[in-house]
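In: requesting a structural model of the entry that follows:
(chains A and B)
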Amino acid sequence: MAEASRVCFFIFLVVAVRHRCFSGVEIARVASSAPSLLFDFAPSTTFPSCRIGRYSILIGSNDGSSLAVKVKTCYRTVHKDIHIFFVFSGIRKSEMPRPELQAPPEIFYNDTEARKYTTSSRIIEIQAKISERALELLNIPNDGIPRLLLDIGCGSGLSGETLSENEHRWIGFDISQSMLDVALEREVEGDLLLADMGQGLGLRPGVIDGAISISAIQWLCYADKSSHEPIARLKAFFGSLYRCLTRGSRAVLQLYSENMNQSEMIMKAAMRAGFAGGVVVDFPHRYVYSILRF
Amino acid sequence: MRLLTHNMLACNIKGVTNGYPLRLEAEKWVEKEVNFNADFLRSVFPKIEWPALVGAVRALGCHDLLPQDAPNPSALDSDDDFLRRFHRALLQLHVEEGALVCPETGRRFPISKGIPNMLLHEDEV
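Out: Model prediction:
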């Protein structure tokens, strides 16, 4: 498939501290903040199995490249008085070779690979769009007060730039020195840390107002060293993330998951750490739709 | 690394219960201009561990920048001079070279080109 016509779509995992802020109303607000593209959806006859209202997710675009994401699993958990459905989606595999299968992140993002992040306008544009969407999903009160945010897997600072443009202060974590070197060159405004999120975030409890992560979390699902245990690394990550966030704040984690098991593994780890939340599936270029039902 | 970040960082080594604050050893630091935003300072003030911030400022040799004791929060509304100092301490001082030292284990996390290396060894996870 040609580069330009490749269908790419993105999964955001939105998790929130204190499930109360995840009432049905709030989810609806997030969903409607994306332009409603019901008209542009492919006719439902194309994908007869997908029906809104059955916890299914429809994605469509108006150029014929529509696809539907079938919901394969639906978890229902009861958190006190709130019923929450976790919806996992199966996604079509991208034609791109998956970097996670090639080498661990600190090796894969070497100087050459890191350089792409400053020279490829396509990468830069996509990163900026995803970051803006992630920031929007964070749902920070619109009071003009800058917040202290995290950018997990900040890389060369492309996503952090979006945070800076919105006046927020941020701390970026990344495991690749090469990527951080590029971030230094670009003179990003956030503070940078060389760290492995799978070892947990070394932060004090209750000090961070929100976190975004762009295309990074899926790396936790791979065991790159004999000592790596994905479940334990996910637990360390989500546990420390939960602790360092303030009450009512959110983390929006955009990820490319290779298969169902990964999304499920990630979501379970988030739930065990105490998070509530859901999955939002987005179409970045030709709008996006996401449905989460409660 | 700004002192704001230093104030939030804690040692993450397995089994460490008292990993805060990380002792700051600064070999080189610089000052960079940052937009002043009083709203941010007011919102972040309650989260700041004051003694750790004062300790970090002194580690840079700026002994008179901040008062020893945490000021009353009302100073944030009335005392512009304090607000400017707080801003400078929190956001404008960057540690470029040095180390962060865990108070419990003595483990050193080197800071190079302004980036602390917080990677743990396998036996520390």
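In: against which helices or strands is the strand or helix carrying residue A:247 packed?
Out: Secondary structure assignment for residue A:247, by DSSP states H and E: strand A:245-255. Under the contact criterion of 3 or more Cβ pairs under 8 Å, 6 or more residues apart in numbering or on different chains; DSSP states H and E, strand A:245-255 touches strand A:10-16, helix A:121-138, strand A:208-214, helix A:260-272. All C-beta atoms are positioned from the backbone trio N, CA, C, and that covers glycine.
In: give me the neighbour count for the nearest residue to residue B:48 once chain neighbours are set aside.
Out: The shortest distance from residue B:48 to any non-neighbouring residue, by Cβ to Cβ, 6 or more residues apart in numbering or on different chains, is to residue B:7 (5.6 Å). Using other Cβ atoms under 10 Å in any protein chain shown, residue B:7 is surrounded by 24 other residues.
In: got the contact list for residue B:7?
Out: A:204, B:21, B:48, B:49, B:52, B:53, B:56, B:90 (Cβ atoms under 8 Å, 6 or more residues apart in numbering or on different chains).
In: just residue A:223 next, same as before
Out: By Cβ under 8 Å, 6+ apart, the contact list for residue A:223 reads A:229, A:230.
In: that's a helix at it, yeah?
Out: No: judged by DSSP: H, G, I helix; E, B strand; the rest coil, residue A:223 forms no part of a helix; its state is coil.
In: what does the pLDDT read for it?
Out: In this model, residue A:223 is scored at 80, pLDDT.
In: doesn't residue B:101 make contact with residue B:13?
Out: No: with contacts counted by Cβ atoms under 8 Å, residue B:13 stays clear of residue B:101, the gap being 12.0 Å.
In: the two - which one has more neighbours?
Out: Legend: neighbour count by other Cβ under 10 Å for residue B:13 and residue B:101, higher for residue B:13 (20 against 17).
In: ok, which stretches of the chain are strands?
Out: Since no chain was named, I'll use chain A. Applying DSSP state E to chain A gives strands spanning A:10-16, A:57-59, A:67-69, A:71-79, A:82-89, A:148-152, A:169-174, A:191-194, A:208-214, A:245-255, A:276-282.
In: meant chain B actually
Out: Under DSSP E, chain B gives strands at B:23-31, B:93-101, B:108-112, B:115-116.
In: tabulate those strands (a markdown table), appending distance to residue A:147 and mean pLDDT.
Out: Output for the strands of chain B, formatted as a markdown table (distance: least, Cβ to Cβ, whole Å; pLDDT from 0 to 100):
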| stretch | distance to residue A:147 | mean pLDDT |
| --- | --- | --- |
| strand B:23-31 | 24 | 97 |
| strand B:93-101 | 21 | 97 |
| strand B:108-112 | 25 | 97 |
| strand B:115-116 | 22 | 98 |
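In: the nearest residue to residue A:208 once chain neighbours are set aside and residue A:233, how far apart?
Out: Distances taken as Cβ to Cβ, 6+ apart place residue A:244 nearest to residue A:208, at 4.8 Å, with adjacent residues excluded. To residue A:233, residue A:244 is 17 Å away according to Cβ to Cβ, to the nearest Å.
In: what's the answer for residue B:67, then?
Out: Residue B:67 is 42 Å from residue A:233, by Cβ to Cβ.
In: so those two - more neighbours on which side?
Out: Under the neighbour definition other Cβ under 10 Å, residue B:67 and residue A:233 were set side by side, and residue A:233 has more, 23 against 12.
In: verify the stated contact: that one with residue A:219.
Out: No: if you go by Cβ under 8 Å, residue A:233 and residue A:219 don't touch, sitting 9.3 Å apart.
In: which neighbours do those two share?
Out: Common neighbours of residue A:233 and residue A:219 (criterion: Cβ under 8 Å, 6+ apart): residue A:198.
In: what residues does stretch B:105-119 touch?
Out: Stretch B:105-119 is touched from outside by A:175, A:180-181, A:184, A:191-196, A:199, A:202, B:1, B:9, B:11-13, B:16, B:19, B:22, B:25, B:94-102, B:124, with contacts defined as Cβ under 8 Å, 6+ apart.
In: in PyMOL, how would I select just the buried ones from those residues?
Out: What follows is the PyMOL syntax selecting those of these that are buried according to 16 or more other Cβ atoms under 10 Å in any protein chain shown:
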select buried, (chain A and resi 175+180+181+191+192+193+194+195+196+199+202) or (chain B and resi 1+9+11+12+13+16+19+22+94+95+98+99+100+101+102+124)
